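In: Generate coordinates for the sequence data below:
(2 chains)
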Amino acid sequence: MSAGPATTAPALNMGGRRLPPWVATTALLLPAYGWLMIAIFLPLGAMFLFSFMTATPIGTKEIGYTFDQYKIFFTQPYMWQVASWTFQIAFATTLICAVTGFLAALALARSGLGRSQWVFLILILLPFWTNGLVRIFSWTMVIREGGFLDAVVQFILPEAASVGFLYSRPAIVLGLVHGYLPYMVLTCYIAISTIDDAIVEAAESLGARWWTILGRILIPMAAPGLIAGSVLIFVPVVGAFMEPRILGGPQGVTLGTVIEDSFTQGFNWPQGAALSFMLLAVVLAIFATFSGVLRRNAEL
Amino acid sequence: MSDVKLTGIAKSYGGSPVLTDITVDFPSGSFTSLLGPSGSGKTTLLRIIAGFITPEAGQVTIGGEDVTRIPVWARNIGMVFQSYALFPHMNVRDNVAFGLGRRGVKGAEAKRRVDEALEMVRLPGFAERLPKQLSGGQQQRVAMARAIVTGPKVLLLDEPLSALDRRLRQEMQVELLSLQREIGVTTIFVTHDQEEALTLSDQVAILDRGRIVQMGAPAAIYERPATRFAAEFLGDANFFAGLVEGGAITVAAHRISAPGLPEGREVTLAVRPEKISLDATHENQVRAKVLNAIYAGANLTYLMEGPGGQRLKVFAQNSDGVILPNGAEVTLSWPAAHTILVEG
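Out: All right, here's what the predicted structure looks like:
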């Protein structure tokens, strides 16, 4: 053809040009962030708006805007008690998970179980694969008065009084630990298995006993796993409502159940939404407190 | 200062023996290398001395005390690992002070001893750094300081230099040796690097398949290897086999003699490649053809075809700048005194 080099050169350049990096990055991020926008931030935004309303915006009632919903801790002082119970339950659950989960992870990662290690890991993951309701209701069978636990105790000690503790806060903690322990085992397992055996042996050769190795070497080095596990457990446990309701019975009033009640029984969406956001604020504050520790550990 | 004695040590894994009847003496203040290929049991032996592994039979004594059943933490040893094994979450000072803390040494006394140890490994002023802020060689020095600061009875080194590059390794060898001489601690050093073993040690123990095949001063082992394995593993060697008749063996019409040959027996003789000259000045002589000349600047390695098609290796100094061409026929010779009778 008659096209000279002067005209073909730019055309070739056009065809061979790579997309600017930001286009590719945007294209790769769009599906995930688009979904997050629609599935999380949109409903969350709506809820945030609701939390300032005087009534649930469904039906014919006149809707006004107010801060009253956020004043619940002053208008209904018993909410302080509910919050206190909730956080006590959450702290107890996280602490029990941290201790037992760390020890289990330690045993799994360092005992040299070989192939059977995977069997034990899968056993720990079982609660993940069972339906939450089934898991919780099965506990009611075990710990109610005259339940399985009582049967075992009375088989050994026929005169013993009932040890059933269904409908109590310990029962709630028990159910929550059962459901959330795998998070702690997994995060700690990953953290511990990255510790070189030679580091533990070096400590031993320098005269360290097991408690020094645990306290000065293993726990500090596995701290990122412990913290990650604690955050993963604490956050959902603070808002849990299934375990408190089923295992706590009349004792099971927590922020989670109050929020659920506001949405269902009370049909007071603004109240539930306001409580949810206050809970979110507390959780974020806890995150902010720990993020410094996490960052410091990530640098090691 | 304490000597280390092993008596009749045996260990097996899943029925296959890893160590068989090891009896060896590490004199007080000596530097001994355990040299062997991977799987020879040298690391297992070191870990038995440290206490990480309990032997099935035999006894370990450190400074005259039977420690066979004593756990690692009570043995008062210093150990340096191939991976350095520094505590990554502690700074250099806390790493070095760790062993002191376990012995109840704290405060100003601990600080003084840590500084002294860091001075000895030539790392003063690094006390506040974290291990990840140090180079490999510096980390190794910290590991060394951590191992010696407590004044251990025995220093155990598990291939501590093998992760370093060649130049740094040679530098660290010199430092390790002078440090060991300075504190005079009984040192047992595991390595698969024969040159390292020869350079550093008062005595070398060569291990093969769970047994010590030879032990002695580096020069003694190198000049007089007892077995074919020892001759091949420590340095290079050419072998000739034959029946002894009239004080010599005959290999394709060439007579090769050596001192003290048993008359009428089939024997294996070894000769080191550097003992062979490319002329007919010595009593043992063979004709050979150059297959390949490997030029390495200061010296040359010739791969040759000797009598009966046998492969020979000859080291030559590059003193005259002459490189024999491939295919050249030469007479090789070496003194009978450097011809070694070996087992197997």
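In: And A:Ala285, its phi and psi?
Out: A:Ala285 adopts backbone torsions of phi -60, psi -40, taken as degrees, to the nearest 10.
In: Quick one: neighbours of it, just the number.
Out: 10 (other C-beta atoms under 10 Å in any protein chain shown). Every residue, glycine included, has its C-beta placed from N, CA and C.
In: B:Gly51 now?
Out: A count of nearby residues for B:Gly51, using other C-beta under 10 Å, gives 24.
In: before we move on, what about A:Ala223?
Out: Other residues close to A:Ala223 by other C-beta under 10 Å number 18.
In: Look up the pLDDT of it for me, please.
Out: pLDDT, A:Ala223: 91.
In: list the contacts for A:Phe287?
Out: Applying C-beta atoms under 8 Å, 6 or more residues apart in numbering or on different chains to A:Phe287 gives the contacts A:Val231.
In: what kind of secondary structure is the spatially most central residue of chain B in?
Out: Per C-alpha atoms, centre = their mean, the C-alpha nearest to the average position across chain B is that of B:Ala197, at 2.8 Å. Here B:Ala197 is helix, with the state taken from DSSP: H, G, I helix; E, B strand; the rest coil.
In: Can you read off the pLDDT for it?
Out: Confidence at B:Ala197, expressed as pLDDT, is 92.
In: Helix or strand: which one has the residue nearest to it when sequence neighbours are not counted?
Out: Leaving aside its chain neighbours, B:Ala197 sits nearest to B:Ser33 (3.8 Å; criterion: C-beta to C-beta, 6 or more residues apart in numbering or on different chains). Element membership for B:Ser33 (DSSP states H and E) is strand B:31-35.
In: what does the stretch 51-200 of chain B put close to chain A?
Out: Neighbours of chain A within the stretch 51-200 of chain B, by C-beta under 8 Å from any C-beta of the partner chain: B:52, B:72-79, B:81-83, B:85-89, B:98-99, B:102-103, B:130, B:132, B:143, B:146-147, B:150, B:156.
In: Please pick the buried ones from the residues you listed.
Out: Using 16 or more other C-beta atoms under 10 Å in any protein chain shown as the burial test, those include B:52, B:72-73, B:75-79, B:81-83, B:85-89, B:98-99, B:102, B:130, B:143, B:146-147, B:150, B:156 as buried.
In: how about low-confidence regions in the stretch 51-200 of chain A?
Out: Within the stretch 51-200 of chain A, the segments meeting pLDDT under 70 span A:113.
In: With the stretch 201-300 of chain A instead?
Out: Counting by pLDDT under 70, the stretch 201-300 of chain A contains low-confidence ranges at A:293-300.
In: got the buried residues for the strand or helix carrying A:Leu103?
Out: According to DSSP H and E, A:Leu103 maps onto helix A:78-110. For helix A:78-110, the neighbour count (16+ other C-beta under 10 Å) marks A:79, A:82-83, A:85-87, A:89-90, A:92-94, A:96-98, A:101-102, A:104-106, A:108-109 as buried.
In: how near is B:Leu34 to chain A?
Out: Counting by C-beta to the nearest C-beta, to the nearest Å, the separation of B:Leu34 from chain A is 17 Å.
In: which residues touch that residue?
Out: With C-beta under 8 Å, 6+ apart, B:Leu34 has these contacts: B:42, B:45-46, B:188-191, B:205, B:207.
In: ok, 10 Å please
Out: Residues in contact with B:Leu34 (C-beta atoms under 10 Å, 6 or more residues apart in numbering or on different chains) are B:24, B:26, B:40-46, B:49, B:157-158, B:188-192, B:197, B:201, B:204-207, B:212, B:215.
In: same check, this time on B:Pro71
Out: By C-beta under 10 Å, 6+ apart, B:Pro71 lies in contact with A:204, A:209, B:51-52, B:54.
In: what do you get if the cut-off is 7 Å, keeping everything else the same?
Out: Applying C-beta atoms under 7 Å, 6 or more residues apart in numbering or on different chains, we find B:Pro71 in contact with B:Gly51.
In: so of the buried ones among the residues of the stretch 51-200 of chain B next to chain A, which ones are in strands?
Out: Among those, the ones falling in strands (DSSP state E) are B:77-79, B:156.
In: What parts of the stretch 1-150 of chain A come near chain B?
Out: By the rule C-beta under 7 Å from any C-beta of the partner chain, no part of the stretch 1-150 of chain A lies against chain B.
In: and the residue of the stretch 1-150 of chain A nearest chain B?
Out: A:Gly114 (12.3 Å; C-beta to the nearest C-beta).
In: picking up where we left off before, and the helix holding A:Leu103, what does it pack against?
Out: If you count contacts as 3 or more C-beta pairs under 7 Å, 6 or more residues apart in numbering or on different chains; DSSP states H and E, helix A:78-110 packs onto helix A:72-75, helix A:116-129, helix A:169-193, helix A:223-238, helix A:255-263.
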